[in-house]
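A.B. asks: quick one: sequence and predicted model below, then my questions.
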Amino acid sequence: KQEVTQIPAALSVPEGENLVLNCSFTDSAIYNLQWFRQDPGKGLTSLLLIQSSQREQTSGRLNASLDKSSGRSTLYIAASQPGDSATYLCAVRPLETSGSRLTFGEGTQLTVNP
Amino acid sequence: ETGVTQSPTHLIKTRGQQVTLRCSSQSGHNTVSWYQQALGQGPQFIFQYYREEENGRGNFPPRFSGLQFPNYSSELNVNALELDDSALYLCASQPKGFSWQFFGPGTRLTVL
């Protein structure tokens, strides 16, 4: 059974700091890994998707890496801003012949202080 | 804006009642998934529908059921509500041949 763990559970940083969020998964047989952002009480916004054959993806100040063999992914946020404050979730899609269910971690709650 | 809408936004029910949650996605999004997110937790997969048939189910009892319609809308039905069913319910749609899933804003269900 796939399990996804995110560390730390919460993180508070001053504005402008670079930071790294960690995600680990127990089964390396994945199709892809996705990072989401969730604002309080809201739905999920997809940030980056890394296919299993890829090592990293970048979008603006965000960079996500994937090491499938070790079961790890990191989300790097450069020059953090107060607007980045949210919960960040990672999710893996298994390498199955049908279906595209996602297994989520419990998230990292990020607070960026002005 | 993901193009996925859910209704209602909030809902309050009492234990033992039945509830229907609705999701509408864009044309061509022929896969829809439903997730339950308890407070402070990550979303948990309930089930997925593809071309109006269930093609995957998580660890949820049969009182959780669903439907998908030809117009790319879907429903999540929960019978015999329990207090632990209180959660944010998210639907996600996926276009054919596309890896991304697009999430709706969710329905907050409170069971008293």
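C.D. replies: Looks like it arrived, so ask away. Residues are numbered from 1 along each chain as shown, chains lettered A, B, ... in the order given.

A.B. asks: just checking, A:P114 touches A:E15?
C.D. replies: Yes - if you go by Cβ atoms under 8 Å, A:P114 and A:E15 touch, sitting 5.4 Å apart. From N, CA and C alone the C-beta is placed, and that goes for glycine too.

A.B. asks: flag every residue of chain B that's near chain A.
C.D. replies: Where chain B comes near chain A, counting by Cβ under 8 Å from any Cβ of the partner chain, the residues are B:2, B:4, B:6, B:31, B:33, B:35, B:40-45, B:48, B:50, B:55-56, B:58, B:88, B:90, B:92, B:94, B:99-106, B:108.

A.B. asks: which among these count as buried?
C.D. replies: B:2, B:4, B:6, B:31, B:33, B:35, B:42-45, B:48, B:50, B:56, B:58, B:88, B:90, B:92, B:94, B:101-106, B:108 (16 or more other Cβ atoms under 10 Å in any protein chain shown).

A.B. asks: I'd like to know which of those are part of strands.
C.D. replies: Under the assignment DSSP state E, those contribute B:6, B:31, B:33, B:35, B:44-45, B:48, B:50, B:56, B:88, B:90, B:92, B:94, B:102-103, B:108 to strands.

A.B. asks: tell me if I am right that B:L76 is in a helix.
C.D. replies: No - assessed with DSSP: H, G, I helix; E, B strand; the rest coil, B:L76 is strand; it does not lie in a helix.

A.B. asks: what about A:A78, neighbour count?
C.D. replies: Per other Cβ atoms under 10 Å in any protein chain shown, the neighbour tally for A:A78 reads 12.

A.B. asks: any idea how far A:L44 is from the residue nearest to it when sequence neighbours are not counted?
C.D. replies: With Cβ to Cβ, 6 or more residues apart in numbering or on different chains as the criterion, A:A78 has its nearest non-adjacent residue at 4.4 Å, and that residue is A:R61. Taking Cβ to Cβ, to the nearest Å as the measure, A:R61 falls 19 Å from A:L44.

A.B. asks: between the two, which is the more surrounded one?
C.D. replies: Neighbour count, other Cβ under 10 Å: between A:R61 and A:L44, A:L44 has more, with 27 against 13.

A.B. asks: contacting residues around the residue nearest in space to the middle of chain B?
C.D. replies: Nearest to the geometric centre of chain B sits B:W34, at 3.3 Å (Cα atoms, centre = their mean). Counting by Cβ atoms under 8 Å, 6 or more residues apart in numbering or on different chains, B:W34 touches B:C23, B:F45, B:I46, B:F47, B:Q48, B:G66, B:S74, B:L76, B:Y89, B:L90, B:C91, B:A92.
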